[in-house]
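Colleague: Compute the structure for the input listed below.
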Amino acid sequence: MKTAKSLQGIRILSLSLNLPGPAALLRCRHMGAHCIKLEPPSGDPMRHYQRKAYDELHQGIRVQTADLKTSSGQNRLQQELAKADVLLTSFRPSALAKLGLGWKGLHRLYPALSQVAIVGSGGERAEEPGHDLTYLAEQGLVTGLDLPATLYADMGGSLLASEAVLQAVMHQQRHGKGIFLEVALSDAAAWLAAPRRWGLTQTTGAVGGAHAGYRVYPCKDGRVAVAALEPHFAAALCQAAGVAVSDMRSMLAPATQQAVAAFLLTQTRRQLNRLAAVQDIPLHTLSKQ
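Modeller: Numbers count the residues shown, from 1 in each chain. Next up, the predicted model:
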């Protein structure tokens with residue numbers, strides 16, 4: 001991934017474990033930041049339950065061990081804080097306070113330091129227990145009994161956190177002092193859920209299944225994800241299927257969807273891939289579930 005080195009020369013200290021914090025730290029590393037992470041003696045839990053993910057998330061990150069519940073660990077922490085531009089955390093506010101990392105005290109000791117604090121929910125709900133699944137469920141993003149395909153709130157939260165680091169650095173450069181920014185995973189889930197709130201991905205929405213050109217259909221030897229939403233793409237799809245359509249309203253008609261479905265069911269993945277290339281139709285074939 002090629003990115004602008006917007007954080008070149010910026011030093012980030014992370015105490016974050018598991019996924020959102022390390023993912024945000026890696027994003028910052030890609031933007032040129034010098035990234036240091038202090039882990040407890042037991043290590044990051046992800047290193048034990050998903051080593052592949054841990055290794056990928058920590059490429060280029062300088063990882064050290066420090067027990068923040070001991071005086072030696074606290075001394076190590078203070079040494080790093082004195083050199084850092086941004087502190088990245090993912091603890092509840094009460095846990096930060098116990099570790100002596102409340103914002104008021106930090107800002108008094110290190111006025112140029114900024115803190116980006118990742119929490120589950122923001123404000124008064126910051127102490128509530130939760131996880132990616134509960135934040136998605138709260139926003140109506142969990143349907144049926146199947147788990148979501150990925151950890152949307154965690155990964156979305158990591159993007160908001162890396163964005164907050166950029167905001168903090170800009171604030172420091174303009175005002176000469178640090179700032180505290182809180183990033184809530186529940187807010188990340190709410191942001192990702194916006195298209196559903198707007199009705200776009202509801203079953204009656206154009207990208208929720210109502211549009212015949214934007215659906216997942218079965219084909220002869222698998223499935224095909226069709227994204228022929230724009231009029232010229234929809235027209236190419238319907239022409240290939242032998243379906244006569246006149247406007248957008250036609251694409252929302254159940255009869256159009258049935259005709260397209262019937263055509264796709266006669267086609268193999270190989271035939272559909274060739275059709276997509278020749279007729280310029282956005283689609284992607286998949287194996288059977």
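
Colleague: Can you name the element that comes right after the helix or strand bottoming out on mean pLDDT in the chain?
Modeller: Here the helix or strand of the chain ranked lowest by mean pLDDT, DSSP states H and E is helix 248-251, holding a mean of 87. Using DSSP states H and E, the helix or strand that follows helix 248-251 in sequence is helix 254-264.

Colleague: Please compute how far that next one lies from its chain's middle.
Modeller: Offset of helix 254-264 from its chain centre (Cα atoms, centre = their mean, to the nearest Å): 34 Å.

Colleague: tell me what it is packed against?
Modeller: With contacts taken as 3 or more Cβ pairs under 8 Å, 6 or more residues apart in numbering; DSSP states H and E, helix 254-264 sits against strand 214-219, strand 222-227, helix 231-241. In short, each C-beta sits where N, CA and C put it, glycine included.

Colleague: closest to residue 8 out of those?
Modeller: Closest approach to residue 8 among the helices and strands packed on helix 254-264 is made by strand 222-227 (37.4 Å; Cβ to Cβ).

Colleague: got the angle for that closest one vs helix 231-241?
Modeller: 150 degrees (axes from the mean of the first three to the mean of the last three Cα atoms, to 10 degrees).

Colleague: what sits up against strand 222-227?
Modeller: Residues outside strand 222-227 that contact it (Cβ atoms under 8 Å, 6 or more residues apart in numbering) are 213-218, 233, 237, 260, 264, 267, 269, 272, 281-289.

Colleague: Enumerate the positions of it that are buried.
Modeller: Neighbour counts over strand 222-227 (16 or more other Cβ atoms under 10 Å) mark 223-224, 226-227 as buried.

Colleague: mean confidence for the helix or strand where residue 277 lies?
Modeller: Residue 277 is part of helix 269-279 when elements are defined by DSSP H and E. Over the span of helix 269-279, the pLDDT mean works out to 97.

Colleague: thinking again about what came up before, how about TSV for the helices and strands packed on helix 254-264, with distance to residue 139 and mean pLDDT added?
Modeller: As requested, these are exported to TSV (distance: least, Cβ to Cβ, whole Å; pLDDT from 0 to 100):
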stretch	distance to residue 139	mean pLDDT
strand 214-219	22	97
strand 222-227	23	98
helix 231-241	30	94
